[in-house]
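Engineer: Following is a predicted model, sequence given first.
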Amino acid sequence: MKLKVLFLVLCLGLLSGCKSLSKSELINQKRDLNKVNKNDTGSIREVVKAPDTEKFELVSKDSSIKIKVNAEVVVPITDAISVAKVRNRNLSNLDLEAISKYFFKGEEYRYARELSELSKPELAVMIEEQKRIMKNEAAYEGYTIEEKEENEKMNQDYLYDLEANYEKAPDTTEQTPIEYKLKDENNNILGEKTKSFLIESVKKGSAKNLTVSCGKYRNTIAYFAEGEMGTFSGYFDGYTNKCKYSEDEVKRQCDDIIKILGVKGEYKLERCVPTIGYDQERVAAQNFYNGYEVIYKKIINDVIETYDTTSIVSKEEQSEDEASYSPKQYESMEFLFGIDGLCYFAWNEPMKVDKIIKKNADLITYAEAIEVFKKKMLSAKEDIECNISEIKLGLMRVKCKGKREEYIMIPVWDFFGDSSIESGEGEFSCLTINAMDGSIIDRSLGY
């Protein structure tokens with residue numbers, strides 16, 4: 001498990017997450033949600049001749065490359081893995097009224113508003129609150145000088161923005177009746193033909209808001225509510241969970257949301273892990289669980305899409321060649337529960353299966369995949385130290401080269417672990433191999 005930093009950008013609907021603790025600190029991690037029983041017979045495991053575990057070491061002649069593999073080999077419980085064409089899901093078909101009523105649970109809501117749309121009394125309250133926040137020196141505990149200065153500047157700029165809007169704000173504003181449909185919006189970040197639906201709670205002090213946005217570059221649904229969310233995830237001896245809901249109740253709530261979204265049966269539970277908050281006073285992790293991180297992934301014929309947090313890089317970071325550009329990030333569905341319940345939900349880049357191209361894909365053997373892995377890693381140009389802890393056969397969405405909006409879900413072998421070649425924080429596959437032909441796939445490019 002890798003580090004994964006909590007990151008909320010609700011206007012873009014980016015996936016959030018929890019920072020996973022190191023393996024030495026994890027106890028009894030539940031990692032068998034998608035795994036085949038070791039006593040299974042007549043399965044894909046037999047077809048590809050995969051063992052239950054793998055162990056070997058690779059060292060280059062000059063010792064610049066050191067690979068240690070001590071891994072569990074994860075194979076789905078199925079007799080066949082399919083290849084499917086997938087496409088962007090049309091979010092205009094969502095039942096926005098039912099979704100809104102579920103998340104706000106009787107609480108009055110309205111369209112989310114920009115600062116320029118607020119009244120003087122509303123802005124006055126926000127200005128006083130911002131001044132209070134800026135006086136709280138304890139909030140910067142543990143920050144570097146540069147981090148503190150950067151945050152102070154951001155807070156000061158926001159205060160200036162509030163005060164500037166206050167000067168020209170009306171004394172009162174009228175509330176626009178809610179229309180449960182996506183509306184056209186000019187948004188350069190989401191791309192051309194952007195549509196969105198943004199609502200927020202009317203209740204004073206409530207931070208609840210719901211965003212549905214779709215455009216050329218991003219489709220997303222995101223919900224946020226006030227509450228303390230976890231910063232870390234994992235299992236520890238003697239910890240109790242202070243979340244008001246049990247793990248089973250949390251899973252039922254997630255299933256209810258999936259049903260309301262109209263995609264029941266299309267997604268499978270990838271993980272449900274307790275979370276731990278951060279104690280600002282102790283400058284350390286809390287010694288109790290404060291909720292759960294729950295992740296669902298798409299399934300096709302009982303095979304789950306592999307969970308990987310790699311982001312597809314931007315057009316500027318890729319090539320100027322239109323044919324090689326794929327802005328769509330990988331699909332993900334994540335729920336974060338705090339002590340009082342659901343704090344955050346994000347469904348990023350929803351996809352829909354268009355058609356099954358091949359029900360039973362022809363796969364290379366496990367031994368062939370391992371041989372590709374060894375050759376690729378030993379041929380690396382840079383120094384590498386890598387510890388592989390999991391080898392997994394699953395699905396991955398790849399871009400059809402030269403076709404902007406067409407994608408195919410194919411079987412792949414992923415090698416997960418700790419690697420010096422990784423950058424950023426998240427859960428990344430150290431190497432992804434096409435399980436049909438043995439070719440290498442670059443997750444950061446999408447194919």
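Structural biologist: Looks like it came in fine. This structure is a prediction, so every number in the text was calculated from the model and none was measured. Numbering: from 1, shown residues only.
Engineer: Torsion angles phi and psi at residue 278?
Structural biologist: phi -110, psi 130 (degrees, to the nearest 10).
Engineer: In contact with it, which residues?
Structural biologist: By C-beta atoms under 8 Å, 6 or more residues apart in numbering, the residues touching residue 278 are 231, 232, 284, 285, 286. For glycine as for every other residue, the C-beta is placed from the backbone atoms N, C-alpha and C.
Engineer: Let's have these in JSON lines, adding neighbour count.
Structural biologist: Listed next are the contacts of residue 278 as JSON lines, based on neighbours: other C-beta atoms under 10 Å:
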{"residue": "231", "neighbour count": "18"}
{"residue": "232", "neighbour count": "24"}
{"residue": "284", "neighbour count": "10"}
{"residue": "285", "neighbour count": "18"}
{"residue": "286", "neighbour count": "18"}
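Engineer: Let me know the closest of the residues you listed to residue 223.
Structural biologist: residue 231 (19.4 Å; C-beta to C-beta).
Engineer: Could you find the closest non-adjacent residue to the closest one?
Structural biologist: residue 278 (4.4 Å; C-beta to C-beta, 6 or more residues apart in numbering).
Engineer: so the one you found bridges to which residues?
Structural biologist: residue 285 (DSSP bridges).
Engineer: Equivalent analysis for residue 109, please.
Structural biologist: Assigned bridge partners for residue 109, using DSSP bridges, are residue 201.
Engineer: For it, give me its contacts.
Structural biologist: 100, 178, 199, 200, 201, 202, 208, 210.
Engineer: Please, which helix or strand holds the last one?
Structural biologist: The reference is to residue 210. strand 209-214 (DSSP states H and E).
Engineer: quick one: strands adjacent to that strand?
Structural biologist: strand 194-201 (antiparallel), strand 219-224 (antiparallel).
Engineer: For residue 340, list the residues it contacts.
Structural biologist: 227, 244.
Engineer: I meant to write residue 276 there.
Structural biologist: 230, 231, 232, 233, 234, 236, 239, 285, 286, 288, 289, 290.
Engineer: could you dump stretch 207-227 to PDB, C-alpha only?
Structural biologist: Extracted C-alpha coordinates of stretch 207-227, given in PDB (Å, rounded to 0.1, in the frame of the first residue of the first chain):
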ATOM      1  CA  ALA A 207     -20.900  22.900   4.300                       C
ATOM      2  CA  LYS A 208     -22.900  20.400   2.300                       C
ATOM      3  CA  ASN A 209     -22.700  20.700  -1.500                       C
ATOM      4  CA  LEU A 210     -23.300  18.500  -4.500                       C
ATOM      5  CA  THR A 211     -21.600  19.000  -7.900                       C
ATOM      6  CA  VAL A 212     -22.300  17.200 -11.200                       C
ATOM      7  CA  SER A 213     -20.100  18.400 -14.000                       C
ATOM      8  CA  CYS A 214     -19.500  17.100 -17.500                       C
ATOM      9  CA  GLY A 215     -17.400  18.400 -20.300                       C
ATOM     10  CA  LYS A 216     -14.800  17.500 -22.900                       C
ATOM     11  CA  TYR A 217     -12.100  16.900 -20.400                       C
ATOM     12  CA  ARG A 218     -13.900  15.700 -17.300                       C
ATOM     13  CA  ASN A 219     -17.100  14.000 -16.100                       C
ATOM     14  CA  THR A 220     -17.700  13.900 -12.300                       C
ATOM     15  CA  ILE A 221     -20.100  13.700  -9.400                       C
ATOM     16  CA  ALA A 222     -18.900  14.900  -6.000                       C
ATOM     17  CA  TYR A 223     -20.600  15.400  -2.700                       C
ATOM     18  CA  PHE A 224     -19.000  17.100   0.400                       C
ATOM     19  CA  ALA A 225     -20.400  17.600   3.900                       C
ATOM     20  CA  GLU A 226     -18.800  18.900   7.100                       C
ATOM     21  CA  GLY A 227     -17.200  16.400   9.300                       C
END
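Engineer: Could you list the buried residues of it?
Structural biologist: 208-225, 227 (16 or more other C-beta atoms under 10 Å).
Engineer: Give me the secondary structure label for residue 166.
Structural biologist: Secondary structure, DSSP: H, G, I helix; E, B strand; the rest coil: residue 166 is helix.
Engineer: if I look at the nearest residue to it once chain neighbours are set aside, how far off is residue 219?
Structural biologist: Leaving out its chain neighbours, the residue that sits closest to residue 166 by C-beta to C-beta, 6+ apart is residue 123, at 4.3 Å. Distance, residue 123 to residue 219, by C-beta to C-beta, to the nearest Å: 33 Å.
Engineer: what do you get for residue 300?
Structural biologist: Taken as C-beta to C-beta, the span from residue 300 to residue 219 is 19 Å.
Engineer: try residue 182
Structural biologist: Taking C-beta to C-beta, one finds residue 182 at 11 Å from residue 219.
Engineer: Over to residue 399?
Structural biologist: 15 Å.
Engineer: ditto for residue 93
Structural biologist: 12 Å.
Engineer: cool, residue 86 as well?
Structural biologist: Counting by C-beta to C-beta, the gap from residue 86 to residue 219 is 13 Å.
Engineer: swap in residue 118?
Structural biologist: Distance from residue 118 to residue 219, by C-beta to C-beta: 29 Å.
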